[in-house]
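> this one's sequence-less:
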């Protein structure tokens with residue numbers, strides 16, 4: 001495993017970059033409001049890269065990753081609010097605690113279910129969520145201890161990385177399974193993918209109704225590529 005990932009050259013080592021696909025400025029304005037309020041560690045900077053008219057999540061994230069020289073990248077949805085004002089301090093501490101940690105999520109699956117549908121199994125982490133099914137989060141478990149939990153995959157509403165690996169837009173050219181794929185790619189080359197303990201959720205996700213038309217097709221691609229369900 002090469003330190004810094006496959007695209008490590010020339011990155012700004014003390015820069016946090018938020019990468020967000022936007023198609024609704026009203027929703028994004030709240031996301032931006034909370035980003036603006038985040039405390040920044042001394043000597044570091046933060047910025048936001050907005051991507052409009054994206055063809056798919058992997059394509060958008062690849063374009064931002066290759067064009068923007070930042071070591072720490074936070075790939076997130078436009079409808080996410082980061083409520084923890086010390087979020088950047090916290091993820092920096094996690095990354096610096098172990099150089100093998102390559103990705104941090106707020107919610108994740110320690111073990112993906114055989115059908116690779118994350119909500120069919122128990123997840124770890126914490127989250128405030130508003131979704132169309134009014135789902136509660138009793139299945140989210142977190143330890144009373146500090147630290148992180150290693151997971152197979154993180155939820156895609158927020159994915160923070162300190163290494164760059166290409167997103168698999170050759171397989172996932174839409175809006176589903178990009179997060180599970182990227183989690184698998186990081187783990188495949190030896191990085192840890194983790195979810196931190198959050199006594200109170202660090203984020204809120206105002207999830208809207210998603211188009212699941214292609215969901216099953218991408219699920220099958222993921223299972224074939226990464227050997228799930230065998």
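Done, it's in. These figures come from a predicted structure and were not determined experimentally.

> Tell me where the longest strand sits in this structure.
strand 12-21 (DSSP state E).

> Contacts for the helix or strand following it next, please.
The helix or strand immediately downstream of strand 12-21 is helix 25-37, counting by DSSP states H and E. Residues outside helix 25-37 that contact it (CB atoms under 8 Å, 6 or more residues apart in numbering) are 18, 20, 22, 46, 48, 50, 76-83, 85, 206. Glycine gets a C-beta too; all of them are placed from N, C-alpha and C.

> Stretch 116-128 too?
83, 105-113, 137, 139-142, 149, 151, 153, 155, 180, 195-196, 198-205, 219, 222-223, 228-229.

> hmm, back to that, could I get the average pLDDT for the longest strand of the chain?
Per-residue pLDDT over strand 12-21 has a mean of 95.

> before we move on, back to that, need the max-distance pair from the contacts of helix 25-37.
22 and 85 (22.8 Å; CB to CB).

> Need phi/psi at residue 73.
phi -120, psi 130 (degrees, to the nearest 10).

> Can you give me the neighbour number for it?
Using other CB atoms under 10 Å, residue 73 has 24 other residues around it.

> I'd like the distance between it and residue 20.
Separation of residue 73 from residue 20 (CB to CB, to the nearest Å): 11 Å.

> Quick check: which helices or strands does the helix or strand where residue 195 lies pack against?
If you go by DSSP H and E, residue 195 is part of strand 192-196. If you count contacts as 3 or more CB pairs under 8 Å, 6 or more residues apart in numbering; DSSP states H and E, strand 192-196 packs onto helix 87-97, strand 101-105, strand 107-109, strand 123-125, strand 148-150, strand 153-154, helix 178-188.

> what's the average pLDDT for the shortest one?
Throughout strand 153-154, pLDDT has a mean value of 97.

> Neighbouring strands - and their directions - for it?
strand 107-109 (antiparallel) (DSSP bridges).

> Show the contacting residues for the residue positioned nearest the centre of the chain.
Central residue check for the chain by CA atoms, centre = their mean: the C-alpha nearest the mean position is that of residue 159, 1.5 Å away. Residue 159 sits next to 74, 75, 76, 103, 104, 105, 179, 182 when contact means CB under 8 Å, 6+ apart.

> Am I right that it falls within a helix?
No. Residue 159: not assigned to a helix; according to DSSP: H, G, I helix; E, B strand; the rest coil it is strand.

> Read off the pLDDT value for residue 199.
On the pLDDT scale, residue 199 gets 86.

> which SS state does it fall under?
Residue 199 is classified as coil under three-state DSSP.

> Give me the neighbour count for it.
Other residues close to residue 199 by other CB under 10 Å number 9.

> For it, give its distance to residue 84.
With CB to CB as the criterion, residue 199 and residue 84 are 10 Å apart.

> ok so, going back, hey, which of the helices and strands packed on strand 192-196 is tucked in deepest?
strand 153-154 (a mean of 28; mean count of other CB atoms under 10 Å).

> and the closest residue to residue 76 other than its chain neighbours, what is it in contact with?
Leaving aside its sequence neighbours, residue 76 sits nearest to residue 158 (CB to CB, 6 or more residues apart in numbering; 4.4 Å). For residue 158, the residues meeting the contact criterion (CB under 8 Å, 6+ apart) are 74, 75, 76, 77, 80, 82, 105, 106, 203.

> Out of these, flag the one nearest to residue 174.
Distance to residue 174 across the contacts of residue 158 (CB to CB) is lowest for residue 77, with 14.8 Å.
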